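Participant: pasting a predicted model and its sequence here:
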Amino acid sequence: MYHVLGIDPSTQILDHAGRPAEASMPAVRSDADRVEVGALIHRGSFVLSEVEGLSLLSVQHKRRAGLRQAQPERYGGRVDMLSPADRSPIPQAEAPRDCPLCPRLVRFREELRLEHPDWWNAPVPAFGDPDAWLAIVGLAPGKHGANRTGRPFTGDFAGELLYATLLNFGLAEGEYGADPADGLRLKGAVILNAVKCLPPANKPLPEEIATCRHFLDASLAALPKVRVVVALGQIGHVAAARALGLPPSATKFGHGAEHVAPDGRVLLSSYHCSRYNQNTRRLDAAMFESVFERACAPRS
């Protein structure tokens with residue numbers, strides 16, 4: 001049995017140019033998350049088909065309902081119509097700008113496009129070096145950070161500590177200016193998220209994490225030089241563990257926890273560098289840096 005991933009057949013979703021939205025994804029097999037994609041399926045106004053190893057999810061329209069056309073985004077005084085792939089070091093692994101897979105996140109995204117038409121308000125792409133040996137897996141975009149700017153951990157409190165740490169360890173060059181146009185570059189590192197779209201109250205539902213998992217899988221598959229993964233927070237830890245082929249039940253989360261995947265890649269975990277964790281002293285700069293020190297240590 002196959003399942004279309006939670007899309008209301010009566011709803012038409014438009015992309016930024018007013019065209020019917022389309023999404024493509026790698027095939028996802030049924031697993032403990034109960035996500036199953038593949039073959040050829042017809043459900044109401046949707047078709048899910050598998051072509052040359054890729055599953056294509058097409059939103060075919062019966063009537064206009066619910067969601068308005070997205071507004072253009074403004075960056076640095078000019079109007080852009082960028083897709084996540086346009087900004088990504090691994091464009092083949094990105095979600096489309098108007099990804100329709102999670103109805104709750106789609107509704108929230110459309111509300112914010114009306115309220116803040118100059119924000120990014122789309123799935124946030126990876127940021128960093130396509131030849132990275134280190135991948136950092138966060139939770140999801142922050143409302144006033146990545147969802148606004150379109151770059152992970154950019155414009156919010158968490159990014160201050162993360163990018164300062166990457167600069168300290170030589171994993172970035174330039175200056176972090178909390179703006180995608182600040183010229184900051186990552187060297188040997190790339191930043192991914194367990195969930196690509198902003199969830200209400202920064203709390204994605206389990207089914208949303210499961211649905212977005214194939215993008216994380218595709219991202220790591222597109223980064224063959226990655227040998228170490230640093231997961232930020234428990235949700236990032238579980239998502240990264242699954243992507244690395246580690247069973248979450250046997251891969252306990254903790255600050256500084258280390259696990260080795262079947263193929264030899266290393267998973268290191270840290271408390272998330274959120275404002276809350278820093279303000280409550282659950283995490284400080286020294287604790288955070290200790291994880292990256294271990295990540296950068298020579299390994300046999």
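Facilitator: In hand now; what should we look at? Since we're looking at a predicted model, the values are computed, not measured.
Participant: pLDDT weak spots in the stretch 1-150 of the chain?
Facilitator: Along the stretch 1-150 of the chain, the model assigns pLDDT under 70 to residues 1-80.
Participant: now do 80
Facilitator: The model of the stretch 1-150 of the chain has pLDDT under 80 over residues 1-81.
Participant: average model confidence for the helix ranked longest in the chain?
Facilitator: Criterion DSSP state H: the longest helix present in the chain is helix 206-221. The average pLDDT within helix 206-221 is 98.
Participant: what helices and strands are in contact with it?
Facilitator: The contact analysis (3 or more Cβ pairs under 8 Å, 6 or more residues apart in numbering; DSSP states H and E) places helix 206-221 against strand 22-26, strand 134-138, strand 189-193, helix 233-243. In short, each C-beta sits where N, CA and C put it, glycine included.
Participant: contacting residues around R109?
Facilitator: Residues near R109 by Cβ atoms under 8 Å, 6 or more residues apart in numbering: 121-122, 197-198.
Participant: apply 7 Å and report the result again.
Facilitator: 121, 197-198 (Cβ atoms under 7 Å, 6 or more residues apart in numbering).
Participant: and the gap between it and A257?
Facilitator: 33 Å (Cβ to Cβ, to the nearest Å).
Participant: show residues contacting stretch 82-94.
Facilitator: Stretch 82-94 is contacted from outside by 95-97, 122-126, 128-130, 150, 190, 215, 218-219, 222-223, using Cβ under 7 Å, 6+ apart.
Participant: give me the subset of these lying in strands.
Facilitator: Judged by DSSP state E, the subset of the contacts of stretch 82-94 located in strands is 128, 190.
Participant: list only buried entries from the contacts of stretch 82-94.
Facilitator: 95-97, 122-126, 128-129, 150, 190, 215, 218-219, 222-223 (16 or more other Cβ atoms under 10 Å).
Participant: quick revisit: dump the helices and strands packed on helix 206-221 to CSV, plus distance to G264.
Facilitator: Formatted as CSV, the helices and strands packed on helix 206-221 follow (distance: least, Cβ to Cβ, whole Å):
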stretch, distance to G264
strand 22-26, 23
strand 134-138, 14
strand 189-193, 19
helix 233-243, 15
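Participant: of these, which approaches A297 most closely?
Facilitator: strand 134-138 (11.7 Å; Cβ to Cβ).
Participant: now that closest one against helix 206-221, angle please.
Facilitator: Computed by axes from the mean of the first three to the mean of the last three Cα atoms, to 10 degrees, the angle separating strand 134-138 from helix 206-221 equals 170 degrees.
Participant: so what's the closest residue to K196 other than its chain neighbours up against?
Facilitator: In space, not counting the residues next to it along the chain, K196 is nearest to P123; the distance is 3.8 Å by Cβ to Cβ, 6 or more residues apart in numbering. Counting by Cβ under 7 Å, 6+ apart, P123 touches 84, 95, 99, 196-197.
Participant: for P152, see how far away P123 is.
Facilitator: P123 sits at a distance of 11 Å from P152 (criterion: Cβ to Cβ).
Participant: how about A146?
Facilitator: Distance from A146 to P152, by Cβ to Cβ: 5 Å.
Participant: same question, S270
Facilitator: Distance of S270 to P152, given as Cβ to Cβ: 15 Å.
Participant: now the common contact residues for A146 and P152.
Facilitator: Jointly contacting A146 and P152 under the rule Cβ under 7 Å, 6+ apart are V124.
Participant: doesn't I209 make contact with A239?
Facilitator: Yes - the pair A239 and I209 passes the contact test of Cβ atoms under 7 Å, sitting 6.4 Å apart.
Participant: who's more crowded, these two?
Facilitator: For A239 versus I209, the count of surrounding residues by other Cβ atoms under 10 Å is larger for A239: 27 against 23.
Participant: thanks a lot, catch you later.
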